[in-house]
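A.B. asks: I'd like to go over a predicted model; first the sequence, then the structure.
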Amino acid sequence: MARKRTIVTAGIAALCALAIVPVMAWASTGSQTPKSHHGKVIHVVEHAVTDTVQMFHPPANSLGDDLGFHNPVFNAADTHQIATDNGYCVRTVATGKTEWECTWTTLLAGGHITVEGPFFDDGTNTSLAITGGTGKYNGASGWMLLHARGNPVGSEFDFVFHLKG
């Protein structure tokens, strides 16, 4: 009888444990408490010297215009070239506040970081999604601030990558 009671008690304990594990796992991934993502920030400066626009209906902006580029990228102090970028944009808004949707890769020492997101012709700051990377940036995620600068404004751009940790 005692042995039967021990087996039943052990079985009930095992079933309780199986019921609690999924609840605890769900609680640990819930959004009740924000998680801290202390990552790395990389700040570089692009010199937009090769930007080339192919317009469908020159000289007017047109939905579907293409912008291609392969530019030198400098350190945050803008004193020496440390990288290049390579990418393209497609015009998605051709009237009013004109806009492009862009994808590019910044080729840094040790690996590449790829981003995707909006770019405005008027130089408005935007945030782009970091969609991946290679080398020491393999599996990169986070976001990138795009800030127009230079003389004239838009001849250079700050790329501030916020990589999740």
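C.D. replies: Everything's here; your move. Residues are numbered from 1 along each chain as shown.

A.B. asks: Name the nearest residue to the most centrally placed residue in the chain, sequence neighbours excluded.
C.D. replies: The residue lying closest to the centre of the chain (CA atoms, centre = their mean) is residue 130, at 1.6 Å. Once flanking residues are discounted, residue 130 sits nearest to residue 142: 4.5 Å by CB to CB, 6 or more residues apart in numbering. C-beta here means a position set from N, CA and C on the backbone, and glycine is covered the same way.

A.B. asks: Pop out the phi and psi values for residue 143.
C.D. replies: phi -150, psi 160 (degrees, to the nearest 10).

A.B. asks: I'd say it and residue 128 touch.
C.D. replies: Yes - Residue 143 is within contact range of residue 128, at 6.7 Å (criterion: CB atoms under 8 Å).

A.B. asks: neighbour count winner among those two?
C.D. replies: residue 128 (21 against 15; other CB atoms under 10 Å).

A.B. asks: Residues in a beta bridge with residue 74, which ones?
C.D. replies: On the basis of DSSP bridges, residue 74 is bridged to residue 45, residue 81.

A.B. asks: Can you name the residues in contact with stretch 149-165?
C.D. replies: The contact list for stretch 149-165 (CB atoms under 8 Å, 6 or more residues apart in numbering) reads 37-49, 73, 78, 85, 106, 113, 115, 123, 130, 137, 140-148.

A.B. asks: Fine, thanks again, bye for now.
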